[in-house]
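S.K.: please find the sequence and the predicted model below.
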Amino acid sequence: MHHFSRLDADPLRPLCAEGVQLSDIAAEVGTPCYVYSRATLERHYRVLDESLQGVAHMVCYAVKACSNIAILQLLARLGSGFDIVSGGELQRVLRAGGDPRKVVYSGVGKQADEIAQALRVRIHCLNVESEGELHTIEQVAAGLGVRAPVSIRVNPEVDPKTHKYVATGLKSSKFGVTPEVAERLYHAADRSPHLRVVGIDCHIGSQILELDPFAEAVGRVIELAERLRGQGIAIEHLDVGGGLGIVYQDEEPALPHELGAAVVAIARRHQFKVIIEPGRVLVGNAGLLLTRVVGTKTQGNKQFVIVDAAMNDLIRPSLYGAWHRIEPVHLHAGRPLQHVDVVGPVCESGDFLAQDRALPAMQPGDLVAVFGAGAYGFSMASNYNSRPRAAEVLADGEVYTLIRARETVQDLWRGELLLG
Ligand code: LLP
């Protein structure tokens, strides 16, 4: 569900973000530009939060999906917590007014200064990803004279049936620890005067469409948690990670309320508080990338539509072969359908937003919307080819707000130094 549709719901009229015409945004802010819909984001958050009402819970939005501080601020105001993976993300959350007591900190490779920063602001817990990390956390906590709240990220060895780059719960992945190692780490943590066990967690991957992998993973994690409880180790919360998929093309993902109901049932039966770390399902379809056609080109038997957004703005098609729906903002009568590659100006043959896509014939200056770009769109953008990163705006009813100004070339070389 999202609030990007055609004016007056007429399929022949221009595309809008809520009540704002995308062409107005393009005229004022320029392109490429990320456009988010506040109503969509808020609705997604509420649906998920309400689905967990039957149990004490915390929705911890995965900041990496879209980390603009205005987006974080909106979520913080709705009561959201945050799943972070770096000191930088923690600072964003604090800047946005997020409550550190609702922050969980995941990720392999947390460094001592990042851990210290998290402990100083008293986050809810650190999701521990290795034995070495547990020792580092213990040392940092000892140095600060505090007890660090920890949860061990268990790798339940479940295949999430998703792209291999975003599957994280297999033995071959760098994330989490096996249940056997986790058991040992829980005992070590329980004995330490500088650590406090608060929960257990897993995260098996992203863009997962079925409930089964979640159920299987949670089942294995609970088995371990119950054994540890039997050994006298108190585990209060169960963090089921993120990963619920969305519709990009014709997928039929399980719905948030279905996942919520399944989690509530398990958590009640085993008396856990619940944490969930959704990213994509909250913001993915709440954002699109607005871009303008620079030109068209025919080469061999290929037709290219060259737009002003590129892989540096949205890397998902190049990196994962991801499919994003593309539509012209204005539909013009009499333009035939053509099979085209929609490409950007970056000097890589892997720079494309779509390949062999049937679209109405395009002309320079036409505006194009790339849907489903709210998650892992701007947050994965780079400056490759010295391209300033896009502007970001938030549509809210009949108005929109600039939430990130377009970068300038001077922004890009800030910090670079000429030789004397
Ligand atoms: N929790 C942890 C520990 C994570 O690593 C992630 C995502 C999430 C939660 C949120 O997962 P989500 O609900 O968004 O699936 N760049 C890729 C996705 C990478 C996901 C990384 N981890 C993409 O564009 O498809």
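M.R.: The structure has been received and is ready for your questions.
S.K.: quick one: which helix or strand includes residue 393?
M.R.: Using DSSP states H and E, residue 393 sits within strand 391-396.
S.K.: after that strand, next one along is what?
M.R.: Per DSSP H and E, the first helix or strand lying C-terminal to strand 391-396 is strand 399-404.
S.K.: got the contact list for the helix or strand that comes right after that next one?
M.R.: Per DSSP H and E, the first helix or strand lying C-terminal to strand 399-404 is helix 409-413. For helix 409-413, the external contacting residues (Cβ atoms under 8 Å, 6 or more residues apart in numbering) are 383, 386, 388. Just so you know, the C-beta spots here come from the backbone N, C-alpha and C atoms, and that holds for glycine as well.
S.K.: go again with 10 Å.
M.R.: 383, 386-389, 405 (Cβ atoms under 10 Å, 6 or more residues apart in numbering).
S.K.: tally of neighbours for the closest residue to residue 126 other than its chain neighbours?
M.R.: Excluding its sequence neighbours, the residue lying closest to residue 126 (Cβ to Cβ, 6 or more residues apart in numbering) is residue 105, at 4.8 Å. Residue 105 is flanked by 29 other residues according to other Cβ atoms under 10 Å.
S.K.: please apply the same query to residue 132.
M.R.: 11.
S.K.: before we move on, the earlier item: list the beta-bridge partners for the residue nearest to residue 126.
M.R.: For residue 105, the beta-bridge partners are residue 84, residue 126 (DSSP bridges).
S.K.: quick one on the thing from earlier: of all the contacts of helix 409-413, which comes closest to the ligand?
M.R.: Of all the contacts of helix 409-413, the ligand sits closest to residue 389, with 16.5 Å by Cβ to the nearest ligand atom.
S.K.: and the pLDDT at the closest one?
M.R.: pLDDT recorded at residue 389 is 98.
S.K.: got a list of what it touches?
M.R.: By Cβ under 10 Å, 6+ apart, the contact list for residue 389 reads 32, 34, 312-313, 378, 381-383, 404-407, 411-412.
S.K.: taking the centroid of the protein, which residue is nearest it?
M.R.: Nearest residue to the geometric centre of the chain (Cα atoms, centre = their mean): residue 65, 2.0 Å.
S.K.: from the ligand, how far off is that one?
M.R.: Going from residue 65 to the ligand by Cβ to the nearest ligand atom, to the nearest Å gives 5 Å.
S.K.: got the phi and psi for the nearest residue to that residue once chain neighbours are set aside?
M.R.: Once flanking residues are discounted, residue 65 sits nearest to residue 279: 3.1 Å by Cβ to Cβ, 6+ apart. Dihedral angles of residue 279 (phi, psi; degrees, to the nearest 10) stand at phi -120, psi -80.
S.K.: surely residue 279 meets residue 206?
M.R.: Yes: using Cβ atoms under 10 Å as the test, residue 279 is close enough to residue 206 to be in contact (7.5 Å).
S.K.: the longest strand along the chain near the ligand at all?
M.R.: For the chain, the longest strand by residue count, based on DSSP state E, is strand 287-299. No: if you take Cβ under 6 Å from any ligand atom as the test, strand 287-299 misses the ligand, and the best it gets is 12.4 Å.
S.K.: and that strand, how far out from the chain's middle?
M.R.: Relative to its parent chain, strand 287-299 has a centroid offset of 25 Å by Cα atoms, centre = their mean, to the nearest Å.
S.K.: over to stretch 375-385?
M.R.: With Cα atoms, centre = their mean as the basis, stretch 375-385 stands 12 Å off its chain's centre.
S.K.: and the end-to-end length of it?
M.R.: End-to-end distance for stretch 375-385: 23 Å, by Cα to Cα, to the nearest Å.
S.K.: what is in contact with residue 279 and residue 206 at once?
M.R.: Listed as contacting both residue 279 and residue 206 by Cβ under 10 Å, 6+ apart are 62, 65, 242-244, 375-376.
S.K.: distance of the closest residue to residue 321 other than its chain neighbours from the ligand?
M.R.: Take residue 321 and drop its neighbours on the chain: the residue closest to it by Cβ to Cβ, 6+ apart is residue 163, 7.8 Å away. Per Cβ to the nearest ligand atom, residue 163 is found 7 Å from the ligand.
S.K.: cool, residue 406 as well?
M.R.: 22 Å.
S.K.: what residues are up against residue 241?
M.R.: Residue 241 touches 60, 62, 83, 106, 127, 153, 160, 168-169, 175-176, 201-206, 208, 214, 217-218, 221, 275-278, counting by Cβ under 10 Å, 6+ apart.
S.K.: tell me which element it is part of?
M.R.: Assigned by DSSP H and E, residue 241 belongs to no helix or strand.
S.K.: please determine how far residue 184 is located from residue 233.
M.R.: As judged by Cβ to Cβ, to the nearest Å, residue 184 and residue 233 stand 12 Å apart.
S.K.: now swap in residue 239 and tell me
M.R.: Going from residue 239 to residue 233 by Cβ to Cβ gives 16 Å.
S.K.: show me which of those two is the more surrounded one.
M.R.: Neighbour comparison, residue 239 and residue 233: the larger count goes to residue 239, with 29 against 16 (by other Cβ under 10 Å).
S.K.: excluding chain neighbours, what is closest to the more buried one?
M.R.: Among residues not flanking residue 239 along the chain, residue 201 sits closest, at 3.4 Å (Cβ to Cβ, 6+ apart).
S.K.: for residue 405, same thing?
M.R.: Leaving aside its sequence neighbours, residue 405 sits nearest to residue 391 (Cβ to Cβ, 6+ apart; 6.1 Å).
S.K.: please apply the same query to residue 247.
M.R.: Distances taken as Cβ to Cβ, 6+ apart put residue 253 closest to residue 247, at 6.5 Å, once the chain neighbours are dropped.
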